[in-house]
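Asker: sequence first, predicted coordinates after that:
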Amino acid sequence: GAVVSQHPSRVICKSGTSVKIECRSLDFQATTMFWYRQFPKQSLMLMATSNEGSKATYEQGVEKDKFLINHASLTLSTLTVTSAHPEDSSFYICSATGLAGGYGYTFGSGTRLTVV
Amino acid sequence: ILNVEQSPQSLHVQEGDSTNFTCSFPSSNFYALHWYRWETAKSPEALFVMTLNGDEKKKGRISATLNTKEGYSYLYIKGSQPEDSATYLCAFIQGSARQLTFGSGTQLTVLP
């Protein structure tokens, strides 16, 4: 079945540094990638939607200059948290849909970011 | 902002018990309702995609029903096993948008 590989699974960084999270679709072409984050005891909240080769669309309240999304190929999308602060500490997870469209969404396994 | 609610938030059952959870969502402009099973440190695993009012789907001991007119879906697990322990998420798609709006999940623990 479809697989999305997400790395790293955990990262600890110092305040003010940037962190890059990668999601790769291993056996299908991901035309659309969704990025979510989850704070403790809360739902997965959509941050942004990116289509391959296009600029990402960000949800209200998500700073596009802080959360840089690149989806330059059909198999790779990256989320870079720039100038990270402790309040950015969260669980980030990607989800991809492919050329076949339909209803299928394949998730990565998530990244736990801790900013100290 | 779409409101998708799941209940209960957490649940402990004994091995062999049957259980069910609820997902409620807006009844207007329905497109699809997804159920996922999510184990710690793994990717959420798709269980069901439900699109039609009255849908009933089954996968082994797990089944789900859908009522789009009143805006709810039930997930049932028959004869729970310890390996069923996970968080069960529902996610709603409204209209022509492709984004999933998630509930906060039901965390199931099956005690041996």
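Answerer: Structure's in. What do you need? Numbers count the residues shown, from 1 in each chain, chains lettered A, B, ... in the order given.
Asker: so which bits of chain B are right by chain A?
Answerer: If contacts are counted using CB under 8 Å from any CB of the partner chain, the residues of chain B sitting beside chain A are B:4, B:32, B:34, B:36, B:41-44, B:46, B:49, B:51, B:89, B:98-105. (Each C-beta comes from the backbone N, C-alpha and C, glycine too.)
Asker: going through the residues you listed, which ones are buried?
Answerer: B:4, B:32, B:34, B:36, B:43-44, B:46, B:49, B:89, B:99-105 (16 or more other CB atoms under 10 Å in any protein chain shown).
Asker: by pLDDT, give me the weakest of those.
Answerer: The lowest pLDDT within those belongs to residue B:99, which sits at 83.
Asker: number of residues surrounding residue B:16?
Answerer: 11 (other CB atoms under 10 Å in any protein chain shown).
Asker: and the pLDDT at it?
Answerer: Turning to residue B:16, the model gives it a pLDDT of 97.
Asker: quick one: contacts for it?
Answerer: Contact criterion CB atoms under 8 Å, 6 or more residues apart in numbering or on different chains gives B:79-80 as the residues in contact with residue B:16.
Asker: check what pLDDT the residue nearest to the spatial centre of chain A gets.
Answerer: When chain A is reduced to its mean C-alpha position, the closest residue under CA atoms, centre = their mean turns out to be residue A:35, at 3.8 Å. What the model reports as pLDDT for residue A:35 is 96.
Asker: also the one 5 residues further on?
Answerer: We have a pLDDT of 88 for residue A:40.
Asker: check residue A:48 too.
Answerer: Here, the pLDDT recorded for residue A:48 equals 95.
Asker: does the host helix or strand of it come close to chain B?
Answerer: Taking DSSP states H and E as the criterion, residue A:48 maps to strand A:45-51. Yes: contact of strand A:45-51 with chain B (CB under 8 Å from any CB) involves A:45-46, A:49.
Asker: in chain A, which spans are strands?
Answerer: For chain A, the strands identified by DSSP state E occupy A:4-7, A:10-13, A:19-25, A:30-38, A:45-51, A:57-58, A:67-73, A:76-81, A:90-98, A:106-107, A:111-115, in order along the chain.
Asker: go ahead and confirm residue A:112 touches residue A:6.
Answerer: No: in this structure, residue A:112 is not within contact of residue A:6 by CB atoms under 8 Å, at 11.0 Å.
Asker: so what touches stretch A:57-68?
Answerer: Outside of stretch A:57-68, the residues that reach it under the criterion CB under 8 Å, 6+ apart are A:35, A:45-50, A:56, A:79-83, A:88.
Asker: quick one: name whatever helix or strand follows the helix or strand containing residue B:48.
Answerer: Residue B:48 is part of strand B:45-50 when elements are defined by DSSP H and E. From strand B:45-50 onward toward the C-terminus, using DSSP H and E, the following helix or strand is strand B:56-59.
Asker: roughly how far is the next helix or strand after that next one from the heart of the chain?
Answerer: Proceeding C-terminally, strand B:56-59 gives way to strand B:62-67 as the next helix or strand, assigned by DSSP H and E. A distance of 8 Å separates the C-alpha centroid of strand B:62-67 from that of its chain, computed with CA atoms, centre = their mean, to the nearest Å.
Asker: elements contacting strand B:62-67?
Answerer: Secondary-structure packing of strand B:62-67 (3 or more CB pairs under 8 Å, 6 or more residues apart in numbering or on different chains; DSSP states H and E): strand B:45-50, strand B:56-59, strand B:72-77.
Asker: buried set for the last one?
Answerer: Think strand B:72-77. Using 16+ other CB under 10 Å, the residues of strand B:72-77 that count as buried are B:72-75, B:77.
Asker: sounds good, over and out.
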